[in-house]
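# just the structure for this:
(chains A, B and C)
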Amino acid sequence: MPFVSFVSLDRLRYEVKLAWKPLVLMPLLLTAPITLLVIIEHFTRESPAHVLLGAIEMLLPIAGGVLVATTIAQDAMLELHLSFPRTYQRTGMLRLLMILIWIALLSWLAISGDALFGQLALPTFADTISPIVRFLLIQLIWLAPLMWLGSVGFCVALLVKSRSAGGALLGGVWLLDILFVGNIAGTTWLRPLLLFPTTLLIFPANLVSRSYFETYWLTTRFELLAMALVFFIIGRLLLQNTESLLKGATEE
Amino acid sequence: MTLQLPALWGALRYEFRMQIRRPTVWITFALFTLLMIALFQHPATTFEETYTRLLKQESLQKVLADWAFNINNYLPICVGALLAGRLPRDRRTRVDELFTTMPTTRGTRLWGKLFGAMLATTVPMFLIYLGGVCFIASYAHNLLAIPLAFPTFIVVALPGLIFISAFSLACTAFLWSPLYQFLFICYWYWNTLWFHTDLVSLSRTLLSPIGLYTVMGIYGLNESSSGQHPIHITGTPLQAIASILLLIATAVVAMLALDGYLNWRQAQQ
Amino acid sequence: MQVTIRDLTKVYRGGVRAANGINLTIPTGMFGLLGPNGAGKTTLMRMLAGILRPTSGSIQVGGYDGTTEAGRRQIKKTLGYLPQELGMYPDLSAREFLDYVGILKGMDDRKQRQQRVEELLRMVALSEVAGRKLKTYSGGMKRRVGIAQALLNDPKLLIVDEPTAGLDPEERIRFRNLLSELGGDRIVLLSTHIVEDIAQTCQNLAVMKAGRVIFQGTVTEMLQETRGKVWTLAVPGGAKPEGNFTVVSMLNMGASVQYRVVGEPLPGQQATPAEPSLEDGYVWLMREQGPNSAHVLAS
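Next up, the predicted model:
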């Protein structure tokens, strides 16, 4: 089936119509706690840049993960859809892509704004690398955790087949990853699970050495992306199991 | 809101059974526990290292309170998020319509739902806590840890759990449950930052669902016994009791508001 | 076109055998599938619709093999399916919902698709309210949207699972007539446990029990099987009659109660033979097969 017909504009219009409320509401609601935190941090003379960076690296990706888990876990017309020539598997992947692209767009806008207003500190050695590589490195701040949480949300939703359990698990992983950041960074085999080092480990980045940056940031970003790829493949395979999908429709 | 005790007991048992039979509840806690075990592998903060050190410095009761406090810092995120789906489920499966035709009041059903679903979701959390208690008992060579563990859990963790469970039911009456889950995750993260003294946090007030005032006021946990994070505030037994009562009272208010809201919505239909 | 099913078996994870060696031939026209709840009707329909993969056996729909992925894809192009529980997106209007389903069915030409949607909305008498959100629709209206979506691609095989459950008598009659009209030039497989719906619309039928087909034939053949097994008994004083039979109905006549039974009354009882209905035939089949038996009477 050609990809173009599978994502026709009409199709996209309906997918957006079905999902726009949560897609818009979640990031919008995010701005309230972030603004509050920025104000608090301002009065406590901490850096608002730190809070903004945290929002981009930590909050937008978890919003993406919860949205993915919620969208994939259940569909009102699942049984009917499974009888159509355009498969539910493709619809699932399309919805997954839509959420990830939307959150990626918001993250990109936010980090670009951050950089534009000089709020994004980069390691000093970054001045010597080409602007394109620097641009790509900056995007890794949000891309790696977004892909990891999105792919885990995808798998978890299909495994536990429950919106609430998917959200609970993602929230739990997110929280533990933040609270145990020291343990994760200090244990070699756990280090690939370092989701938010930009905010929690290397801030402000202009003070860190190259080797520290590469060990705790650069390597772990690629490891997260590699894991995300594996999770996406597993999720894609789980999505093929229609019997399990149908059973999941009554699981909650 | 009038309560009918036999109906309350019936609703409680029904909700308890429904929730405890859900494999997803157990899978969620199992995966969460595996992750916690992995995170405790760091040589400086292994469970054994932390609690054998604490047992040398503090009484068994204080060590148990510290463990309950630790558990209550992390696991309620699962409890709150898992309970977020219970009320919308009734709407989706239309059992709320069926229940509305019965002589039992809505308030009774809601309280039954709160306690039944909360207790069922707390069972895996309590088992994880009990697992840690068994290790502490073996490190301390003191079986008294087991009977002491029960009241400690009830005093430290339960008021906070009632508080978050009530909000998980009440808020999902008007909020899309995944959205509530997301906001709850953010809120809980904020709660766990109680040791950041420069950050305004509800968890350093009497309305602390993680049980900060309880462990300080009743069990005397203080800066020396709190391991990684020094507590810069002190609590008295009176404040501890006030904190417990305030958490429960807030939960009651949330449930009354939920009942009122659902009645109002029904009247609008 | 014809659907041929041979030795079809479906074993779910956990060992539940929902379909157990089903053999069935479905010709063009209306075909009824009767059976109690849990007989395996929905599983059979889901396998026919390509939603579930059979554990073993074969499904042939026209020239396509329903046990292969490629075959299932082809079958889905000629299929209309109305599941028992039709989930819809409540915030879409009926027009939008049908348009969206049309896209999912591969109708890429917008103009043709929209024309077809309007045509079907007229056919199911929903044109006037097609702009309203689905969450405002009654059960009967939702069922009509359901049948409209099943017909979007002008299917050669139409599978409808319990379509009249929960409908009021008027809606049920309208629905039955609509299905009969559609059965002229395609296969319409109507699954139900409401015997009356089959009696009014189908010439051919199959009866399922415990994952097996226990009868396949025409309505006349089924009635023939039951002839001589249906009786009416007038019992004075309302005492319950005894015997190896199943009471189908009872009518209180004041001084006595008139029972209609399927089975064998005792020799002393004053039983009058009665003309069997399809419902009597169904009751007879269920009696003959015992609670869990799956002996095939005819196939």
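# might you enumerate the residues of chain A proximal to chain C?
Contact residues, chain A versus chain C (Cβ under 8 Å from any Cβ of the partner chain): A:5, A:8, A:10-11, A:14, A:17-18, A:75-86, A:91, A:242-243, A:246. For the C-beta atoms, the positions are set from N, CA and C on the backbone; glycine is no exception.
# wait, C:Leu92 touches C:Arg132, no?
No: using Cβ atoms under 8 Å, C:Leu92 is not in contact with C:Arg132; the gap is 10.4 Å.
# between those two, who's got more neighbours?
Relative neighbour count places C:Leu92 above the other of C:Leu92 and C:Arg132, with 19 against 14, counting by other Cβ atoms under 10 Å in any protein chain shown.
# ok, A:Gly166 - contacts?
Each residue near A:Gly166 by Cβ atoms under 8 Å, 6 or more residues apart in numbering or on different chains is listed here: A:66, A:69-70, A:73, A:153, A:156-157, A:160.
# let's see it at 6 Å
Listed by Cβ atoms under 6 Å, 6 or more residues apart in numbering or on different chains, the contact set of A:Gly166 reads A:69, A:73, A:156-157.
# in a helix, it, correct?
Yes: checked against DSSP: H, G, I helix; E, B strand; the rest coil, A:Gly166 lies within a helix.
# what sits closest to it if chain neighbours are left out?
Leaving aside its chain neighbours, A:Gly166 sits nearest to A:Ala69 (3.4 Å; criterion: Cβ to Cβ, 6 or more residues apart in numbering or on different chains).
# using PDB, write out every CA atom in the helix or strand hosting that neighbour.
Using DSSP states H and E, A:Ala69 sits within helix A:60-73. Coordinates of each C-alpha in helix A:60-73 appear next as PDB, following Å, rounded to 0.1, in the frame of the first residue of the first chain:
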ATOM      1  CA  LEU A  60       7.400  17.500  27.400                       C
ATOM      2  CA  PRO A  61       8.700  13.900  26.900                       C
ATOM      3  CA  ILE A  62       6.600  12.500  29.800                       C
ATOM      4  CA  ALA A  63       3.600  14.200  28.300                       C
ATOM      5  CA  GLY A  64       4.400  12.600  25.000                       C
ATOM      6  CA  GLY A  65       4.800   9.200  26.700                       C
ATOM      7  CA  VAL A  66       1.500   9.400  28.500                       C
ATOM      8  CA  LEU A  67      -0.300  10.500  25.300                       C
ATOM      9  CA  VAL A  68       1.200   7.600  23.400                       C
ATOM     10  CA  ALA A  69       0.300   5.100  26.100                       C
ATOM     11  CA  THR A  70      -3.200   6.400  26.300                       C
ATOM     12  CA  THR A  71      -3.800   6.500  22.600                       C
ATOM     13  CA  ILE A  72      -2.400   3.100  21.800                       C
ATOM     14  CA  ALA A  73      -4.000   1.300  24.800                       C
END
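# buried stuff in it?
Neighbour counts over helix A:60-73 (16 or more other Cβ atoms under 10 Å in any protein chain shown) mark A:60-73 as buried.
# same check, this time on stretch A:86-101
A:86-96, A:98-100.
# in JSON lines, list those residues along with pLDDT and secondary structure.
JSON lines is the format used below for these (pLDDT from 0 to 100; DSSP: H, G, I helix; E, B strand; the rest coil):
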{"residue": "A:Arg86", "pLDDT": "91", "secondary structure": "coil"}
{"residue": "A:Thr87", "pLDDT": "90", "secondary structure": "coil"}
{"residue": "A:Tyr88", "pLDDT": "91", "secondary structure": "helix"}
{"residue": "A:Gln89", "pLDDT": "91", "secondary structure": "helix"}
{"residue": "A:Arg90", "pLDDT": "91", "secondary structure": "helix"}
{"residue": "A:Thr91", "pLDDT": "92", "secondary structure": "helix"}
{"residue": "A:Gly92", "pLDDT": "92", "secondary structure": "helix"}
{"residue": "A:Met93", "pLDDT": "93", "secondary structure": "helix"}
{"residue": "A:Leu94", "pLDDT": "93", "secondary structure": "helix"}
{"residue": "A:Arg95", "pLDDT": "93", "secondary structure": "helix"}
{"residue": "A:Leu96", "pLDDT": "94", "secondary structure": "helix"}
{"residue": "A:Met98", "pLDDT": "93", "secondary structure": "helix"}
{"residue": "A:Ile99", "pLDDT": "93", "secondary structure": "helix"}
{"residue": "A:Leu100", "pLDDT": "95", "secondary structure": "helix"}
